[in-house]
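Trainee: Give me a 3D structure for the following:
(one chain, ligands or ions: 1)
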Amino acid sequence: MSKMDISSILQGGYAHPLSRKWQAKRQLTKAMFMYPIFITDDPDASVEIPSLPGQRRWGVNKLEGFLRPLVEKGLESVILFGVPLTCVKDGRGTPADDVNGPVILAIKKLRSLFPSLYIATDVCLCEYTDHGHCGVLHEDGTINTEPSVDRIAEVAVNYARAGAHCVAPSDMMDGRIKAIKRGLIDAGFGNKVTLMSYSAKFASALYGPFRDAAGSAPSFGDRKCYQLPPTAKGLARRAIQRDAAEGADIIMVKPSLPYLDIIADAAELTPDHPIACYQVSGEFAMIHAGAKAGVYDLKTMAFETTESLVRAGATLILSYFTPDFLEWLWRRAFAFTSTAMADLRLQTLIAITTILLLGTSYSALYGTYLDTSNALLTHLPHPLAKTHYFASKSNPLNVYFIKKAWGWTSLVFIFSYLTSPAQMRTRQRLYKYLFLTGVWIVFTSWFFGPALLDRVAVYSGGECVYQLPDGQVQTAPVEVCYAKSAISPQTHEHLFREAAPQSFIGLPEGWRTVPRIRRGHDLSGHVFLLTMATLFLADQLRASFKFKAWWNGLHMWAVASNIVLISIWLLGTYTTSVYFHSPFEKFTGYLLGVASFVLSQLPFFSQSSPRQTTSRPQQADGRE
Ligand SMILES: NCc1[nH]cc(CCC(=O)O)c1CC(=O)O
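Mentor: All right, here's what the predicted structure looks like:
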């Protein structure tokens with residue numbers, strides 16, 4: 001027996017990647033992320049912010065192009081920061097709520113562009129005052145609290161009027177939460193707009209890149225008389241409780257990582273409020289800089305820091321990493337759904353194979369199929385056409401659907417492609433479709449001359465034949481068949497005169513016929529096409545389900561029409577297999593269809609699926 005004590009052993013509880021996941025009380029989700037965005041007053045601006053990797057100052061006109069892909073990826077909320085570059089700043093921050101200023105214009109624009117996007121606005125005066133401080137000042141440069149609070153409340157209400165879902169004062173003036181709440185209620189927004197208070201906002205060295213980006217550094221002094229001293233746990237706790245009592249709906253701690261204890265305090269002091277934290281510009285820049293210096297892997301560190309925030313008690317994270325997390329968290333989900341859906345293709349293959357086998361066995365047992373290689377039968381209606389609905393070649397399923405199978409398939413594909421979420425509209429997906437369309441053209445209608453299927457029939461012993469009204473079967477050169485058009489004594493005088501002079505004489509006025517290739521191997525073009533189309537559609541469906549979270553209303557219809565078409569093709573496959581072609585011809589059609597689809601699944605055509613790092617369950621150092 002081992003000398004180990006039972007109480008010593010913990011590792012068994014987290015040996016597996018899944019059991020490690022269970023150690024978290026709460027998992028990161030996309031909804032936890034709120035994305036800070038800088039909006040400037042040049043409507044067409046898209047200017048890189050050097051100290052914030054990947055972040056830009058945006059003009060109102062650029063917001064759609066910038067945010068649409070993110071919204072489609074699951075972005076649910078943003079917080080707006082105004083960066084006025086051309087306005088005239090003054091002592092009270094007049095431009096803050098200018099109706100033609102960037103923030104108010106952006107709120108309105110985003111509300112109309114993205115009805116489901118939650119829009120918060122930072123409320124502060126520092127970007128708009130000539131002195132760069134967050135409030136209104138006395139002569140001596142100290143904060144004049146009352147007018148500051150009045151002005152902040154006025155700005156907040158104006159943002160609410162413009163359509164903001166949430167106002168978030170970051171100014172740190174005493175009493176502004178109460179004033180803003182009052183203002184919101186009096187203006188009729190009490191029950192409509194959320195008040196998120198930057199309650200425990202510390203005078204941090206980590207706002208540097210933000211102040212560069214927003215041009216909001218104070219022109220003299222610092223913010224230590226209103227932002228909290230970094231050592232002040234007690235003040236932070238008092239500020240949190242005060243703001244909750246004054247009517248804040250969400251309590252924020254800022255910056256985040258150096259203040260995990262404050263986040264935990266907030267979660268304990270105001271357990272009935274959502275707790276937000278702001279992973280500020282300096283933290284973001286620091287994580288990037290460390291990764292660039294080779295200290296750690298960027299993504300690993302981004303996860304470790306944000307997961308720490310959640311562990312400390314945060315329910316909402318304001319972070320410049322938001323777009324990255326939309327991608328990273330999507331990949332996690334993708335890793336799961338792709339295995340869940342991996343077999344839709346296989347299931348469809350099994351379905352169509354089974355249907356073909358059943359139909360073909362039935363046709364062989366009961367002799368229901370039309371042997372199209374018998375030239376004497378070709379032009380007659382199917383012997384069962386009267387009694388068996390689908391034996392008639394003129395049944396609607398055949399005429400309107402099967403004969404136009406690739407057209408319908410293309411239609412559904414295009415509908416589905418165009419309504420797909422952005423990340424699904426890949427070029428590879430188009431290539432796949434174009435490749436199979438190429439296969440369809442080559443085999444059924446053209447191959448540097450006659451269609452390949454016709455050539456196969458000729459090479460395997462087929463002849464071009466036609467039948468005269470008296471029942472006689474005549475042979476013509478194969479070229480006549482390749483032309484695929486009707487012949488008559490008028491169009492092919494030579495042919496008729498040589499081959500059948502006697503019947504040529506007695507032919508009725510206006511008689512014509514389409515010659516066909518018979519006796520060769522008449523590979524079933526329908527089975528080929530239906531097999532290929534069904535597998536292709538199933539593959540499309542599989543892609544759709546992978547991105548289910550991003551479907552819009554139209555794409556739901558695309559998915560529905562895809563499913564309906566697959567069902568029609570399966571029914572068509574069944575009727576074809578019961579009534580037409582010999583078993584061997586159906587088999588070769590099926591093989592050709594499957595082979596074409598398999599080729600379309602080569603890596604060249606498939607979207608490069610995200611790399612996955614799977615950790616071995618037991619590594620010597622116990623880390624992933
Ligand atoms: N008062 C404005 C404000 N709102 C958010 C930040 C910082 C955000 C960041 O660094 O990402 C600042 C700067 C400051 O207080 O100096």
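
Trainee: And the helices in the stretch 101-250 of the chain, which stretches?
Mentor: Applying DSSP state H, counting those that start in this stretch to the stretch 101-250 of the chain gives helices spanning 102-113, 145-162, 176-186, 208-214, 233-246.

Trainee: Kindly reformat these as CSV containing distance to residue 319, mean pLDDT and mean neighbour count.
Mentor: The way it works is simple: take the backbone N, C-alpha and C, and place the C-beta from them, glycine included. Listed next are the helices of the stretch 101-250 of the chain as CSV, based on distance: least, Cβ to Cβ, whole Å; pLDDT from 0 to 100; neighbours: other Cβ atoms under 10 Å:
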stretch, distance to residue 319, mean pLDDT, mean neighbour count
helix 102-113, 19, 97, 20
helix 145-162, 21, 97, 22
helix 176-186, 23, 98, 21
helix 208-214, 13, 89, 20
helix 233-246, 21, 98, 18
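
Trainee: Residue 355: which of those is closest?
Mentor: Residue 355 lies closest to helix 102-113 among those, at 46.6 Å (Cβ to Cβ).

Trainee: As PDB, could you dump the C-alpha coordinates of the closest one?
Mentor: Taking Å, rounded to 0.1, in the frame of the first residue of the first chain, the C-alpha atoms of helix 102-113 are listed here in PDB:
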ATOM      1  CA  PRO A 102     -19.000  61.900 -33.100                       C
ATOM      2  CA  VAL A 103     -20.600  60.200 -30.100                       C
ATOM      3  CA  ILE A 104     -24.200  61.200 -30.700                       C
ATOM      4  CA  LEU A 105     -23.900  60.600 -34.400                       C
ATOM      5  CA  ALA A 106     -22.400  57.200 -33.800                       C
ATOM      6  CA  ILE A 107     -25.100  56.200 -31.300                       C
ATOM      7  CA  LYS A 108     -27.800  57.000 -33.900                       C
ATOM      8  CA  LYS A 109     -25.900  55.300 -36.700                       C
ATOM      9  CA  LEU A 110     -25.200  52.100 -34.700                       C
ATOM     10  CA  ARG A 111     -28.800  51.900 -33.400                       C
ATOM     11  CA  SER A 112     -30.100  51.900 -37.000                       C
ATOM     12  CA  LEU A 113     -27.300  49.600 -38.400                       C
END
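
Trainee: quick one, it and helix 145-162 angle?
Mentor: 30 degrees (axes from the mean of the first three to the mean of the last three Cα atoms, to 10 degrees).

Trainee: Who are the contact partners of the residue of the stretch 101-250 of the chain found nearest the ligand?
Mentor: For the stretch 101-250 of the chain and the ligand, the shortest gap (Cβ to the nearest ligand atom) falls at residue 210, measuring 3.1 Å. Residue 210 makes contact with 52, 216, 280, 281, 282 under the criterion Cβ atoms under 8 Å, 6 or more residues apart in numbering.

Trainee: how deep is the second one tucked in, by neighbour count?
Mentor: The one in question is residue 216. 22 (other Cβ atoms under 10 Å).

Trainee: ok, it - contacts?
Mentor: Counted by Cβ under 8 Å, 6+ apart, residue 216 has contacts 124, 126, 127, 132, 210.

Trainee: And the residue of the stretch 301-450 of the chain found nearest the ligand, its phi and psi?
Mentor: Of all residues in the stretch 301-450 of the chain, residue 320 sits closest to the ligand, at 7.2 Å by Cβ to the nearest ligand atom. Note on residue 320: its backbone torsions stand at phi -70, psi -10 [degrees, to the nearest 10].
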